[in-house]
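**Student:** Attaching a predicted model along with its sequence, questions to come.
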Amino acid sequence: AVVSTQSTGDDQMFGCLPCSEDSLPCPNEGRTDCEALGDGAFKVGGWKCQFCPLGSKPKDSKDGCEACPADTYRSSNTSDDCTECDINNRQYAPSTGSITCLECSGTLTNTSDGKYQCSPCAGGQGLNQKGDCADCSAGKYSNNGECTSCNVGTYQPNTGSSSCTPCSAGTYTDAVGATICSDCDESQGKYQ
């Protein structure tokens, strides 16, 4: 592949030079810009064209790159623009220069500087249908932001718990999500 060299003075003469591995040919011989090369490209040294690193986009002047703002990302060279994270689906990018959005498993809030921040749910809490942290219901627990039903043989009578309690000797549960343990019925041959 070859690139067009930049015109020197009024002579408008253009020659061809080999492209380096980190550059792409300018679109047509005689062109010194990267417009027709496609999205994500910028001009280097007046005659080489190359793509901006992921997480950044070409400056409007096409003479360099700038980092994608917070809560946006750029993961491929198919666009000049950074893409906004889908806040409605709990996605955010906490810093500039992101190549992907993060999933928030806690409370997603808009800060005073316009960025979104994810705060994890406390132990015993999970996300409710509105996407806010709320206490887990009785029979459930959480230590990671997601309410989970207590396993068979355990119970939890309280809301907002971070663990389940094993049934004591002589008691049992036969379903997940129990809030109490039942007494074993020795007359029916059941014991623990």
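**Tutor:** Here it is on my side, so go on. Numbers count the residues shown, from 1 in each chain.

**Student:** how about low-confidence regions in this structure?
**Tutor:** Applying pLDDT under 70 to the chain flags residues 1-49, 186-192.

**Student:** Please repeat the previous calculation with a cut-off of 50.
**Tutor:** Applying pLDDT under 50 to the chain flags residues 1-37.

**Student:** Can you pull up the most central residue in it?
**Tutor:** By Cα atoms, centre = their mean, the chain has its centre lying nearest to Leu102, at 1.8 Å.

**Student:** what's around the closest residue to it other than its chain neighbours, how many residues?
**Tutor:** The shortest distance from Leu102 to any non-neighbouring residue, by Cβ to Cβ, 6 or more residues apart in numbering, is to Tyr92 (5.9 Å). C-beta here means a position set from N, CA and C on the backbone, and glycine is covered the same way. Applying other Cβ atoms under 10 Å, we find 21 residues neighbouring Tyr92.

**Student:** is it true that Tyr92 touches Tyr116?
**Tutor:** Yes: contact status for Tyr92 versus Tyr116: in contact at 4.1 Å, counting by Cβ atoms under 8 Å.

**Student:** which residues do the two both contact?
**Tutor:** Common neighbours of Tyr92 and Tyr116, using Cβ atoms under 8 Å, 6 or more residues apart in numbering, are 71, 85, 104, 108.

**Student:** can you count the residues close to Asp60?
**Tutor:** A count of neighbours around Asp60, defined by other Cβ under 10 Å, yields 8.
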